[in-house]
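J.: Fold the following and give me the result.
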Amino acid sequence: MGNTKISADGLSDTVFLVTFVDAPVCGRHTTLRNDNKKLLMKIITTIAALLISASAFASTPHKYRLVWEDHFNGSTYDSSSWSKIPRGNADWKRHMSEADSLYAVRDGKLILRGAVNTNPSADTARYVTGGLYTRYKRTIAYGKVEVRARFGSAQGAWPAIWMLPDRDIKWPEGGEIDIMEHLNHDTIAYQTVHSYYTHTLKKDQNPPHGSTLPIDRDGFNTYAVEILPDSLVFSINGRTSFAYPRIETTDKGQYPFGEPFYLLVDMQIEGSWVGKADPKQLPVEMEVDWVKFYELDSEPGNDQPLLAD
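T.: Sure thing, here's the model as predicted:
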């Protein structure tokens with residue numbers, strides 16, 4: 001007889017006690033018994049992870065301190081905080097361009113455009129897109145990031161608000177935090193976590209690594225993530241979509257968060273996920289009303305600031 005005990009941090013009264021009864025079996029029955037044990041343990045581990053995630057929803061609100069905000073009140077974006085995202089080979093950045101026509105600040109809002117390339121002699125890409133990031137300029141380790149934005153819809157349009165580690169590290173080992181992704185004409189936004197654990201080891205359901213919520217497709221929405229020592233908590237318009245918890249595991253890279261991450265805000269066109277673009281529906285714009293970074297000031301009941309490792 002064997003006992004397995006699983007507890008969820010933050011749920012001190014919640015304990016799973018599973019008892020396996022060893023019977024004198026042999027041959028294929030032994031294989032079936034072992035397979036059933038493995039399946040049951042997988043189910044129980046998943047339930048425990050979900051309960052840990054749920055505990056983050058009910059926890060005492062954390063204290064934050066506003067450390068940076070940008071309301072785009074100038075005539076152009078602030079180059080001391082933002083840089084244009086360079087083109088690369090990845091799906092999301094293969095149409096990035098520094099063309100000034102793709103960037104603007106208008107009525108207190110940052111404008112990023114995606115369009116058909118009308119100057120093929122200067123740039124061979126079929127489409128061109130604008131994107132900015134705060135790499136090497138503005139970062140956050142533990143804290144909260146909020147972005148208020150709206151975007152036009154078009155087939156093949158893929159606007160995104162997301163975060164990456166502010167050091168050179170091979171993706172996905174450093175982790176990725178997708179605060180918002182929108183596809184085509186959807187009425188929902190995606191919020192997702194990527195890491196070596198979820199992507200390379202393909203453990204994206206233990207715990208679940210993403211969720212969606214409805215948005216006002218034609219209006220402004222506020223997208224947010226809280227980066228905490230024990231979890232990432234995602235929300236849209238103040239409504240929590242899901243929490244991704246740190247769990248106890250021997251597997252590599254399950255929770256690579258807590259080091260400085262920078263913010264990316266970009267209009268993307270085409271990709272294996274969003275599909276092909278319809279040039280007749282372009283150009284398309286993404287508008288950013290404001291961005292706010294908050295540092296985690298202290299844990300509830302603790303006056304000492306929490307710093308990244």
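J.: What mean pLDDT does stretch 232-249 get?
T.: For stretch 232-249, the mean pLDDT works out to 98.
J.: Can you give the distance of that stretch from its chain's centre?
T.: Put simply, stretch 232-249 sits 10 Å off its chain's centre (Cα atoms, centre = their mean, to the nearest Å).
J.: can you check stretch 217-236 too?
T.: 9 Å.
J.: I'd like to know how far the residue nearest the centre of the chain sits from Asp251.
T.: Taking Cα atoms, centre = their mean as the criterion, Asp178 is the residue nearest the geometric centre of the chain, at 2.1 Å. Relative to Asp251, Asp178 is positioned 21 Å away (Cβ to Cβ, to the nearest Å). All C-beta spots, glycine's among them, are computed from the backbone N, C-alpha and C.
J.: which stretches of the chain form helices?
T.: Here the chain has its helices, by DSSP state H, at 28-58.
J.: So which bits of stretch 130-138 are buried?
T.: Using 16 or more other Cβ atoms under 10 Å as the test for burial, stretch 130-138 gives Gly130, Gly131, Leu132, Tyr133, Thr134, Arg135, Lys137, Arg138.
J.: ugh, typo on my part, it should be stretch 164-181
T.: So for stretch 164-181, counting by 16+ other Cβ under 10 Å, buried means Leu164, Pro165, Asp166, Pro172, Gly174, Gly175, Glu176, Ile177, Asp178, Ile179, Met180, Glu181.
J.: Arg239 bridge partners, please.
T.: Applying DSSP bridges to Arg239 gives these bridge partners: Ile236.
J.: wait, doesn't it sit right on Leu213?
T.: Yes: when contacts are counted by Cβ atoms under 8 Å, Arg239 is listed as touching Leu213 (6.3 Å).
J.: Please say which of these two ends up with more neighbours.
T.: The neighbour count for Arg239 versus Leu213, taken as other Cβ atoms under 10 Å, is higher for Leu213 (19 against 10).
J.: Against His182, how distant is the more buried one?
T.: According to Cβ to Cβ, Leu213 stands 11 Å off from His182.
J.: quick one on the thing from earlier: skipping adjacent residues, who's closest to the residue nearest to the centre of the chain in space?
T.: Thr192 (4.1 Å; Cβ to Cβ, 6 or more residues apart in numbering).
J.: Near that neighbour, how many other residues are there?
T.: Thr192 has 21 nearby residues by other Cβ under 10 Å.
J.: What's opposite it in the beta bridge?
T.: Asp178, Gly210.
J.: so who does it touch?
T.: Residues counted as contacts of Thr192 (Cβ atoms under 8 Å, 6 or more residues apart in numbering) are Asp178, Glu181, His209, Gly210.
J.: Rebuild those residues as CSV, extending it with distance to Val105.
T.: Shown next, in CSV, are those (distance: Cβ to Cβ, whole Å):
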residue, distance to Val105
Asp178, 25
Glu181, 24
His209, 35
Gly210, 32
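J.: Looking at those residues, which is nearest Gln281?
T.: Glu181 (18.3 Å; Cβ to Cβ).
J.: Neighbours of the residue lying closest to the closest one once chain neighbours are set aside, how many?
T.: Closest residue to Glu181 apart from its sequence neighbours, by Cβ to Cβ, 6+ apart: Tyr190 at 4.4 Å. When neighbours are counted by other Cβ under 10 Å, Tyr190 registers 19.
J.: Test my guess that Asn73 contacts Gly108.
T.: Yes: in this structure, Asn73 is within contact of Gly108 by Cβ under 8 Å, at 5.6 Å.
J.: do you know how far the closest residue to Asp91 other than its chain neighbours is from Asp166?
T.: Leaving aside its chain neighbours, Asp91 sits nearest to Gly271 (3.9 Å; criterion: Cβ to Cβ, 6+ apart). Using Cβ to Cβ, Gly271 is found at 24 Å from Asp166.
J.: How is the protein divided into domains?
T.: With domains defined by automatic domain parsing, the chain comprises 2-58, 63-298.
J.: Which of the ones you listed has the lowest mean pLDDT?
T.: The bottom spot among those, by mean pLDDT, belongs to domain 2-58, with a mean of 48.
J.: what about the longest strand in this protein?
T.: strand 284-298 (DSSP state E).
J.: Paired strands for that strand, with orientation please.
T.: Sheet partners by DSSP bridges: for strand 284-298, these are strand 63-70 (antiparallel), strand 109-116 (antiparallel), strand 143-151 (antiparallel).
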